[in-house]
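Q: sequence unavailable; structure follows:
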């Protein structure tokens, strides 16, 4: 990627939709590159499930399926980006960089919120 390199030990693949969903639940990745056509659960079903179990995960969906129905369904389920095949490597790189920048920004904002929040007083009880 332009601004960063993804360590290969941070990249996972899955053979089918169910395996992908199990890995997402277990590992909570920052983003997922998800194909529409997969064995078992298809990409749109996996996307809908991701929104239920890990709504913070950015999903970039790729598809060779033509027509707006699949894209519309993906956007209805909150896909971060939808990229048609054949994939333009430059656009994919830009999309991944943008997704990761958003994750970084949210992480930094959350850390800043925690630093600026006053510590809550400890509660004492007498029995």
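A: Looks like it came in fine. The structure presented is a predicted model; accordingly, all values stated were derived computationally and were not measured.

Q: now the helices for this structure?
A: Per DSSP state H, the chain has helices spanning 17-27, 43-53, 68-76, 89-116. These are given in chain order.

Q: quick check: which of the ones you listed is buried the most?
A: helix 43-53 (a mean of 19; mean count of other Cβ atoms under 10 Å). Placement of C-beta: from N, CA and C, glycine included.

Q: how about residues contacting that one?
A: 17, 20-21, 24-25, 32, 34-38, 41, 57, 59, 61, 63, 70, 73-74, 77-79 (Cβ atoms under 8 Å, 6 or more residues apart in numbering).

Q: switch the cut-off to 6 Å
A: 17, 20-21, 24-25, 34-36, 57, 59, 61, 73, 77-78 (Cβ atoms under 6 Å, 6 or more residues apart in numbering).

Q: farthest-apart pair in those, please.
A: Using Cβ to Cβ, the contacts of helix 43-53 reach their maximum pairwise distance at 25 and 73, which is 21.6 Å.

Q: would you format the contacts of helix 43-53 as JSON lines with distance to residue 89 included?
A: What follows is these, written out as JSON lines (distance: Cβ to Cβ, whole Å):
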{"residue": "17", "distance to residue 89": "25"}
{"residue": "20", "distance to residue 89": "22"}
{"residue": "21", "distance to residue 89": "27"}
{"residue": "24", "distance to residue 89": "24"}
{"residue": "25", "distance to residue 89": "29"}
{"residue": "34", "distance to residue 89": "17"}
{"residue": "35", "distance to residue 89": "16"}
{"residue": "36", "distance to residue 89": "19"}
{"residue": "57", "distance to residue 89": "23"}
{"residue": "59", "distance to residue 89": "19"}
{"residue": "61", "distance to residue 89": "17"}
{"residue": "73", "distance to residue 89": "25"}
{"residue": "77", "distance to residue 89": "25"}
{"residue": "78", "distance to residue 89": "25"}
